[in-house]
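# This is a predicted model, with the sequence first.
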Amino acid sequence: MKMERLSQDKIRIFLTFDDLSERGIPKDDMLQESMKLRALFMEMMDQAYAELGFDPSGPLAVEVFSLPAQGMVVIVTSGKLSFHHNRHEEGYDEAEADEVYEMEVMLEQSDLISYAFRDFEDVLGAIQLIEPILSSGGSLYKYREKWMLQFEEVNLEEDKYSTLIAILSEYGEATSVTQAVVQEYGTTVISDQAIEVLIQHFK
């Protein structure tokens, strides 16, 4: 589980499929309301408070994005009421915990596949193995000293899709960074048809 502060009252949490499976949450159920998901959210808020000093008191806006290749991204915005810091003090009633997390939850599912690579050679290595099963598509960016390869709406049979993800995972690392972020804060290297362009120039 990775988390980062986006602003004073907003954080982003990235959960891999391994994080979910360790907590008994199947991939197909990760956007369904359940006690396990509720417990996971409480765990995330405790960790966010401990690691980032994020106070999840009062009303919360929770955006949940399901990424088919990576896992789940949760963006939490706090209403900034003062409660969580009293959690471990005398007189705290666990029964009141539900009142802390008044959530407005927005669930979205994204088809974006996003992977980060340390070296350009790793990008080329992945592309050369991907090309036989996916000969076109993709965008390439430079963001925070890493190469970002992203695909939208990949239409492949299940076995080929699994092969694609396996190749990307071998050479790179799944990331929750969205296309809007890399376009605004990164550098666009190849805006479209990255596979075709890279194969043409580096095969």
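Noted; the coordinates are in hand. Numbering: from 1, shown residues only.

# Residue nearest the middle of the chain, spatially speaking?
residue 176 (3.1 Å; CA atoms, centre = their mean).

# Doesn't that residue belong to a strand?
No: secondary structure assignment (DSSP: H, G, I helix; E, B strand; the rest coil) places residue 176 in coil, not in a strand.

# wait, it sits on residue 14?
Yes: assessed by CB atoms under 8 Å, residue 176 is found in contact with residue 14 at 4.2 Å. All C-beta atoms are positioned from the backbone trio N, CA, C, and that covers glycine.

# where do the contact lists of those two overlap?
Contact with both residue 176 and residue 14 is made by residues 2, 70, 73, according to CB atoms under 8 Å, 6 or more residues apart in numbering.

# of those, buried ones?
Neighbour-count burial (16 or more other CB atoms under 10 Å) applied to the shared contacts of residue 176 and residue 14 gives 70, 73.

# ok, longest helix in this structure?
Scanning the chain for the helix with the most residues, using DSSP state H, yields helix 35-52.

# List the buried residues in that one.
Buried positions in helix 35-52, judged by neighbour count with 16+ other CB under 10 Å: 37, 40, 41, 44, 45, 48, 49.

# so who does the second one touch?
With contacts defined as CB under 8 Å, 6+ apart, residue 40 is in contact with 15, 20, 23, 25.

# got a list of contacts for the helix or strand harbouring the first one?
Counting by DSSP states H and E, the element that carries residue 15 is strand 10-16. Contact partners of strand 10-16, identified using CB under 8 Å, 6+ apart, comprise 1-6, 40, 44, 48, 52, 54, 70-78, 174-176.

# packing partners for whichever helix or strand comes after it?
Next in sequence after strand 10-16, counting helices and strands by DSSP H and E, comes helix 17-22. Applying 3 or more CB pairs under 8 Å, 6 or more residues apart in numbering; DSSP states H and E, we find helix 17-22 packed against strand 71-78.

# Can you show me the CA trace of the strand it packs on as PDB?
Taking Å, rounded to 0.1, in the frame of the first residue of the first chain, the C-alpha atoms of strand 71-78 are listed here in PDB:
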ATOM      1  CA  GLY A  71      -5.300  -2.500  -8.600                       C
ATOM      2  CA  MET A  72      -7.200   0.400  -7.000                       C
ATOM      3  CA  VAL A  73      -6.500   4.100  -6.500                       C
ATOM      4  CA  VAL A  74      -8.300   5.900  -3.700                       C
ATOM      5  CA  ILE A  75      -8.400   9.700  -3.400                       C
ATOM      6  CA  VAL A  76      -9.600  11.000  -0.100                       C
ATOM      7  CA  THR A  77     -10.500  14.600   0.600                       C
ATOM      8  CA  SER A  78     -11.200  15.600   4.200                       C
END
